[in-house]
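Asks: could you look at this predicted model? Sequence included:
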Amino acid sequence: MMYILGFLIAVLLVVVFVQIGKINEIVARLRGQEVADRDGDEISAKLMVVFMVLFLVGSTASAIFYKDSMLGYGPLELATPHALAIQGLINTTIFFTGIVFIVTHIALFLFAYKYRRKEGRVAKFIDDNHTLEIIWTAIPAVVMAILVTMGLYVWNNTMADVGEEEKPIAFVSTDMSEEDIKEGVGDNTYLEIEATGMQFAWILRHPGPDGLIGEKNYKMIDAENQLGQDFSDAKNIDDIILDELVLPVGQKVRVRITSRDVLHNFAIPHFFVKMDAVPGMPTYFVFTPTITTEQYRENLSSHPDWQVPADATDPDSKMRWEEFNYELACAELCGRSHYSMRKIVKVVSREEYNQWLKDNMDKSYYLNNIRGTEDDQFIEYGKLTIEEKIEEYAKEKEAAEKTEEASDTSSDEETGDADTSSTDEGEDASSTTNTGDVIDEVIEDVNNAIEGSGVTEGTGTEVPVDTINR
Amino acid sequence: MADNKGLLVDEQEFADYLDDGFHDHHHGDKYQTNFITHYIFSQDHKMIAKQFLITGIFWGIMGGLMSLVFRLQLGFPEADMAWLKPILGKWITLTDTGVGSLDPQFYYALVTMHGTVLVFFVLTAGLSGTFSNLLIPLQLGARDMASPLLNMMSYWFFFLSGMIMFFSLFLNTGPFSGGWTAYPPLSALPQASSGSAGGMTMWTLSLVFFVVSVLLGGINYITTVLNLRTKGMSLWRMPLTIWAFFVTAILGLLSFPVLVSGLLLVLCDRGLGTSFYLNEIYVGGQALEQVGGSPILYQHLFWFLGHPEVYIIILPAMGLVSEVMSVNARKPIFGYKAMVYSIMAIGFLSFIVWAHHMFMSGVNPFISNIFVIFTLIIAVPSAVKVFNWITTLYEGNIRFTPGMMFAIGFVSLFISGGLTGIFLGNSSIDVPMHDTYFVVAHFHIVMGVAAFFGMFAGVYHWFPKMYGRFMNDTLGKLHFWGTMAGAYLVFWPMHYIGMAGVPRRYYSFTTFDFSAPFVGTNQFITIAAIITFGFQIIFIVNFFYSIFKGRKVTEKNPYKATTLEWTTPINAGHGNWPGHLPAVHRWAYDYGKDGRDFIPQIEPVTEAEKERDLARVH
C-alpha cells in the first residue's frame, strides 16, 4: 500500500513539474522569449553562487563530521609505520588538491555569475594567451613531479620484501625497547605467516616453532587437509592453522598470500595492508604492527564515540572500545559471500605472543591428524621418534642431492635438521643456525606433551578451522 | 540565402567541388522511402544517432533502476523487499517471518550489470554513438557517414548485443555476477559462482557483438573525419567536438580488439579446458587439472582496453562541453590548440597507464613505478583543459541554457573527480584506497556523472537539431539542479567510507566492525540516489514530451552558433543540405570578434581580418 502511495505521489509530482514547465513556456512566449530568458539567466547565475557556497561549505563540514570515522584522522590510529608514511603522502596530496579544488570552484562559479548575460554586454574575444597556458601547464607539472617523487619513495619502502640478512623466526626476542617497538625498528628477523583465500574464508597458517612454512600442493587438498599441506615436508610438522591471527607487536611480519580458488585480497584496513591473493602465484606484504590491540582499545576509550555500549540494544553490553579488534577482510570480489570473509587480527605484546605460541604449538595439523597414521612419513608408529625420523629424512634427502650435485656445502649442522637439506626456498637455509636448537627443544616438548597425554593416534584436539561460510 | 552568400559571391571556384550532384537523385532517395528504411533500418546518420540515443536512454533507465535495487538492500538491509518478488522472483529470499531481502548472488549480478550496462551501453554507445553520428557529418559538412551501411550495422550490432545482455537477466542461474571487469578465475569457473555459468557466456557474447558495433562505428567516424570534410574544413578548423570524437574513435579501434582477445581466452578456459588464466585451483571439491596460467594476464588485457575505455567515455563529453560552453558564453573556446593537443595527449597517455588498476594485484611492485609516473602526467593535460574551460567563461556573456548549465556542472564534477584520481594514481596511496568506496566515489564522479553531464549538455543543446523542437527550459533547469546536488550527495560521502578502509562490493556493512559505523551514511546515500533518479524521470518525460510537443524551432540557427550544423534546414532531410554543400572559411569559434556577436564558419574572411590576423601572429 505504502509503495503504491509513493508511486502515485511520484507520478503526481512529475505531472506537476511538467505543468509548471509548460506554464513557464507559455508565460515566456507572452512576455517575449528574450526577456524571459534573461530573467531566467539572472536566477540561474545566482543559484550558481549559492551552489558554490553550499558545496564548499558542505564538503568542508562533511570532512569534519567524518573526521573521527576515517583512519588516521581521529581516534582510529594507523597501526603500522608504513601507513603513517602513506598518510603523510595523502596529506600532502590533500594540501595541493585542496587548493586547486577551492580556487577552481570559486573561479568557475563566480565567473559564471559575474559574466551572466546582460543587456548590452559584449563578450570579449579572448582566444588564447601563451603565457597563461605555459604557467598552468608548468605548475601542475611541478606539483605532479613532487607527488610522484614522494609517492615512489613511499611505495618502494612499503613494498620492499624482507632482505637476505633477515631471518625467519617464530619465537620473538623480548628485549626490544619500547621505542623500537613504537617506531617499528626491526631486529633483522621476521615472522612469516601464510594467508590462503578460499570461498569464503581466510585460512591462516602459522609456521610453528621452526618459523618456516611447509610446502603445499593443491592436489592434496581435501575436506580435512584444507591447504593441501604436503606432509613429506618436515617444515609442515609444526605448522598451525589459526582461527585468528595473533601477531607480536613491533615484529616485522611477512604475509605470504595465496588463494586456492579465485582471486581474493588480503586487506587489514588499520594497517594499510592490501594485496591480491592469486591462485598459483604467491604474493606477499611485509608490515610491522606497532600498536597492540590492548593499547588501541585503551586509546579509543578516551573518545566519546567509543564510550557507548557495543550492542546498541543492550545497555549492559561491553563498551565499544572494549570490543575493538583489528579485522582481516577480503577486498577483491570473490563470489556471493565476498563481504563476509572476516578474521580477527590480534596484536599482543611480545611476551604474550611467545606464551601463546608455546600454548598452541601442539595444535599443528600434523601432530593431531597425521602423526602415527598411515599417511605419516616421519614416524612409523611406535618405531621412531620425530627427531629420529627427521634425521633420517634429512639424510635421505642429502644423499639424494649429493648424487645430483657434489657442490653442496651445508653439511656441518650437528642436528642434520630437515631444514638444512630443504632446497625449496633459499631463505630456509639461512635460518637453520638460529632455529635449529629451538626446534629440538620444541619437538621434545611436543613429544612429551603428546605421549604424556596419551594421544597417540591422531585423536588429539581437532584444529579449529573455520570452513566455508555459508 | 544569406548562408550561401559567401559561396556565391566570393568563391566561385568552389562551385564545381561543392556540387556533388546530390540533387540529381533526390527523388530516388533510397534511405527514406518507407517506414522501415526511415525509422528502423535507416542508413541516415541523424536517424541512427537518435536510435543510439533512445537505446542509450533505455539502458540508462535499466542501469539506474538496478542501482536503486541494490542501493535499497545496502541502505535498508532490514527493510522488507518482498514487494519486489513479482519482478525478481527467487532472487528475493524470504525469512521465516516473511521479510524479503535481496539474494547476495543477485546483488552482485545487479552490481555487475549496472557497471557493464552503464559503461558500455550508455556511456560508450549512448554518448559517443549518438553524438559522433549526429555531429560528425553535420559539423564537417558531409552528406552522411563514409559508409551509411556500416553505420546502420553498427547500431544493429549494438542492439543485438543489448538484447543478449537483456535476456541473460532471465537465466535460471542468474546474469553474470563477477563484476564488470570479469576477472578470472571467478568468471571462468561456473563452480565458483552461479553467475559464471550461462550468464558469463551471454555476457561475453554480448560484449563481442558490442565490440563489433564499436569497430564498425569507429572506422566510419575516422574515415568520415579524414575524407569527407567539406571544402575549407581543414583539421585545424574542426570544432572540438569532432576532435574529441575523432580521437575517441581511434582509441576504440586500438583498444577494443584487445578486450575481445582477452575474452576469447576466457571462453577457451571455460569451454576447451585450456589454462590461460587458471593455475592450481581447487574449487567445488575438486582440484582442476589446469596449471600454468595467470589471472594477471587477463587483467593486463582487460585494462589495456579498460583504461582507454574511460577516456572513450569522457573525451566525447569534453568535446560536447567545450562546444556548448563556447556557444553559450559567446566567446571562443580558450586555447583551442591547447585543447586539441591535450585531447591527443590524454588519448596517447591512456594507452600506457593501464596497470594503475593493478597496483595491488600482485604484479611486481617495480613495474608500478613507471605506471605511477605516466598516470600522474595525465593530470597535466587534464588541468590545462579545466583552466581553459574556466577562462572561456571569463569576460563572456553567458546564457544559462540547460545545456550550458550541464557544461558548467561537468567542469565542477571533472575537477572533483579528477583530483581524487591524483590520490589513486599514486601507488602508495592506492594501498589503503584500492578497491574501497574511495574508488567508487572517484570513478562515479569523474567518468560516470561527469560523462552523463556532457551527454545531457549535448542532448539539451542539440535537441533542436534532432527533433526541430526545444526541450522545456524550466524542466531542464530543474533536472540540472536536482542532478548536480543529488550526484554530489550520493557520491561525496563515499570518499569518507573509503578513507575508513571499507571495501567496495560489500553486500552488508554489518559483518565487519570497521564498516558498521557507516550504516547511517548508507541510508543517506540510498535516499539521495532515489531522489536523484527521480530527477532523471523529469528528464525522460521532458525528452519524450518535447519530441512531440516541445516549443518549435523557428529559425535555422537558434543559438547563433558558428558551426555548420546550424546552416542546414530545421528538419534536415537525408543529405543534410539541399543543393550545394557549404564551404568553410574560418575556424569554429569566431564569437565576439570585431564587435560582432558571431561569424559563421561559412562566412569568408575579409581582407581587413586577414591582415589583422597576420599581424597578430607575428
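Replies: That came through, no problem. Numbering: from 1, shown residues only, chains lettered A, B, ... in the order given.
Asks: what ranges in chain A fall below the confidence cut-off?
Replies: For chain A, applying pLDDT under 70 flags the ranges A:1, A:379-390, A:392-393, A:396-397, A:400-401, A:403-470.
Asks: so for the nearest residue to B:Ile531 once chain neighbours are set aside, what's the pLDDT?
Replies: Spatial nearest neighbour of B:Ile531, chain neighbours left out: B:Gly486 (5.9 Å); criterion: Cβ to Cβ, 6 or more residues apart in numbering or on different chains. Yep, even glycine has a C-beta here, placed from its N, CA and C like the rest. B:Gly486 carries a pLDDT value of 96.
Asks: what's the local residue count around B:Gly486?
Replies: When neighbours are counted by other Cβ atoms under 10 Å in any protein chain shown, B:Gly486 registers 20.
Asks: ok, now A:Thr149?
Replies: For A:Thr149, using other Cβ under 10 Å, the count is 11.
Asks: gap between it and A:Gln87?
Replies: Distance, A:Thr149 to A:Gln87, by Cβ to Cβ, to the nearest Å: 17 Å.
Asks: surely A:Val286 forms part of a strand?
Replies: Yes. Per DSSP: H, G, I helix; E, B strand; the rest coil, A:Val286 lies within a strand segment.
Asks: would you map the strands across the chain?
Replies: You didn't pick a chain, so chain A it is. Under the criterion DSSP state E, chain A contains strands at A:167-168, A:189-198, A:201-206, A:240-242, A:245-248, A:253-259, A:264-268, A:273-277, A:283-287, A:326-330, A:343-348.
Asks: please refer instead to chain B.
Replies: B:92-94, B:100-102, B:282-283, B:286-287.
Asks: my read: B:Val310 touches B:His442, true?
Replies: No. Here B:Val310 does not reach B:His442: they are 10.8 Å apart, not a contact under Cβ atoms under 8 Å.
Asks: more neighbours, these two?
Replies: The neighbour comparison of B:Val310 against B:His442 (other Cβ under 10 Å) goes to B:His442, with 27 against 18.
Asks: got the contact list for the more buried one?
Replies: Contacts for B:His442 (Cβ atoms under 8 Å, 6 or more residues apart in numbering or on different chains) come out as B:417, B:420-421, B:423-424.
Asks: tell me the one among those nearest to B:His479.
Replies: B:Gly417 (20.3 Å; Cβ to Cβ).
Asks: report how many residues lie close to the closest one.
Replies: That count, for B:Gly417 with other Cβ under 10 Å as the rule, works out to 21.
Asks: what's the per-residue pLDDT of B:Tyr107 here?
Replies: 95.
Asks: also B:Asn522?
Replies: Among the per-residue scores, B:Asn522 shows a pLDDT of 95.
Asks: now for it, how many residues are close by?
Replies: The number of residues near B:Asn522, taken as other Cβ under 10 Å, comes to 22.
Asks: residues of the stretch 151-300 of chain B that sit close to chain A?
Replies: B:177-179, B:183-186, B:189, B:192-193, B:278-283, B:285, B:287, B:291, B:293-296 (Cβ under 8 Å from any Cβ of the partner chain).
Asks: using ChimeraX, define a selection of the buried residues within those residues.
Replies: Command for ChimeraX that selects the buried part of these, burial taken from 16 or more other Cβ atoms under 10 Å in any protein chain shown:
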select /B:177,178,179,183,184,185,186,189,192,193,278,279,280,281,282,283,287,293,294,295,296
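Asks: distance of B:Ser177 relative to B:Trp243?
Replies: The spacing between B:Ser177 and B:Trp243, counted by Cβ to Cβ, is 39 Å.
Asks: please apply the same query to A:Arg29.
Replies: As judged by Cβ to Cβ, A:Arg29 and B:Trp243 stand 38 Å apart.
Asks: the more surrounded of those two?
Replies: Comparing A:Arg29 with B:Trp243 by other Cβ under 10 Å, the one with more neighbours is B:Trp243, at 24 against 11.
Asks: so that one touches B:Val340, yeah?
Replies: Yes. Under the criterion of Cβ under 8 Å, B:Trp243 makes contact with B:Val340 at 5.1 Å.
Asks: show me what contacts B:Leu72?
Replies: B:79, B:81, B:102, B:526.
Asks: give the contact list for the residue lying closest to the last one once chain neighbours are set aside.
Replies: Put plainly, it is B:Thr526. Excluding its sequence neighbours, the residue lying closest to B:Thr526 (Cβ to Cβ, 6+ apart) is B:Gly75, at 2.8 Å. Each residue near B:Gly75 by Cβ under 8 Å, 6+ apart is listed here: B:522-527.
Asks: nearest to chain A, out of those residues: which one, please.
Replies: Proximity of the contacts of B:Gly75 to chain A, judged by Cβ to the nearest Cβ, is greatest for B:Phe524, which lies at 10.6 Å.
Asks: what's the neighbour count on the spatially closest residue to A:Pro207 that is not a sequence neighbour?
Replies: Spatial nearest neighbour of A:Pro207, chain neighbours left out: A:Ile213 (4.7 Å); criterion: Cβ to Cβ, 6+ apart. A:Ile213 sits with 25 neighbouring residues when counted by other Cβ under 10 Å.
Asks: cool, and the one 5 residues further on?
Replies: A count of neighbours around A:Tyr218, defined by other Cβ under 10 Å, yields 20.
Asks: can you check the one 5 residues further on too?
Replies: Residues lying near A:Ala223 (other Cβ under 10 Å) number 7.
Asks: from chain B, how far off is it?
Replies: Distance from A:Ala223 to chain B, counting by Cβ to the nearest Cβ, to the nearest Å: 8 Å.
Asks: now do the same contact list for that residue.
Replies: Here A:Ala223 is in contact with B:Gly285 (Cβ under 8 Å, 6+ apart).
Asks: state the distance from it to B:Phe348.
Replies: 53 Å.
Asks: returning to that earlier point: ok, of the contacts of B:Gly75, which come out buried?
Replies: Buried among the contacts of B:Gly75 by 16+ other Cβ under 10 Å: B:522-523, B:525-526.
Asks: how about stretch B:63-83: buried residues?
Replies: By neighbour count on 16+ other Cβ under 10 Å, the buried set for stretch B:63-83 is B:63-64, B:66-77, B:81.
Asks: lowest-confidence member of those, which is it?
Replies: pLDDT across the buried residues of stretch B:63-83 is lowest for B:Met81, at 86.
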